[in-house]
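Undergrad: kindly generate the corresponding structure for this input.
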Amino acid sequence: MTAMPLWATETATETCASALLLGGIAAEIGATAPRGQQAAFYRAVGARIAAIHPVDMVDDLSGLATVVNRVWLEYNCGQAQFDMAADGILITHSGAVRNLAPVLGHATEAVMRPVLEGVYDGWLRSLGSGRDVATWTSSWSEGEVRLKHGLRGA
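TA: Purely as a prediction, here's the structure:
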């Protein structure tokens, strides 16, 4: 079984029960499910988060950023920036990885990459994206995650 991250005493006392639960869930899923199933599960979690926090009252990327960043601020999960490109929407998400790495440890990327893909895909689909459009991670670092919402291979 994959071990959960060990926290220093002061960090453990500051970490709420939900962080303990999340770390345990991520460790168990990482230890028992194949990578493809893990990614599908976490993308579904992201889509669920998007459904719980609808963005249907926006009509441009600026409004979307305002609504989305309100959600991220509420949960201390960073912030997002949206930019149009000729072939899709570029999304830069910063702050979430740094805040979640103490809970998720080495599983941070395996969990957060598909969760963020699922969240942004869910939000953009709710605004009318077609079935031929997808959301994927184009780059990953502890400081920021860059995603794209567009036609694959375009």
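Undergrad: from now on I want contacts and neighbour counts done on CA atoms only, so please keep to that.
TA: Will do.
Undergrad: quickly find the element holding the residue most central in space within the chain.
TA: Nearest to the mean C-alpha position of the chain, by Cα atoms, centre = their mean, lies L116 at 2.2 Å. For L116, the host element (DSSP states H and E) is helix 108-126.
Undergrad: just checking, next helix/strand downstream of that helix?
TA: strand 134-140.
Undergrad: counting contacts, what elements does that next one pack onto?
TA: helix 108-126, strand 144-150 (3 or more Cα pairs under 8 Å, 6 or more residues apart in numbering; DSSP states H and E).
Undergrad: any low-confidence regions in this structure?
TA: 1-15, 153-154 (pLDDT under 70).
Undergrad: okay, helices next: where are they in it?
TA: Under the criterion DSSP state H, helices of the chain are mapped to 9-14, 17-32, 35-52, 61-74, 96-104, 108-126.
Undergrad: export only the CA atoms of the last one, formatted as CSV.
TA: What follows is the C-alpha trace of helix 108-126 in CSV, where atoms were taken according to Å, rounded to 0.1, in the frame of the first residue of the first chain:
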residue,chain,number,x,y,z
THR,A,108,-0.2,15.6,-6.2
GLU,A,109,0.2,15.7,-10.0
ALA,A,110,-1.6,12.3,-10.5
VAL,A,111,-4.6,13.7,-8.6
MET,A,112,-4.7,17.4,-9.5
ARG,A,113,-3.9,17.2,-13.2
PRO,A,114,-7.1,15.2,-14.0
VAL,A,115,-9.2,17.1,-11.4
LEU,A,116,-8.3,20.4,-12.9
GLU,A,117,-9.0,19.0,-16.4
GLY,A,118,-12.4,17.8,-15.3
VAL,A,119,-13.3,21.1,-13.6
TYR,A,120,-12.4,23.3,-16.5
ASP,A,121,-13.8,20.9,-19.0
GLY,A,122,-17.1,20.8,-17.1
TRP,A,123,-17.3,24.6,-16.7
LEU,A,124,-16.5,25.2,-20.4
ARG,A,125,-18.9,22.5,-21.6
SER,A,126,-21.7,24.1,-19.5
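Undergrad: which positions within that helix qualify as buried?
TA: The neighbour-count criterion (16 or more other Cα atoms under 10 Å) identifies 108-125 as the buried residues of helix 108-126.
Undergrad: do the same with the fourth one
TA: Using 16+ other Cα under 10 Å as the test for burial, helix 61-74 gives 64-65, 67-72.
Undergrad: report the distance from it to the chain centre.
TA: 14 Å (Cα atoms, centre = their mean, to the nearest Å).
Undergrad: appreciated, that's everything.
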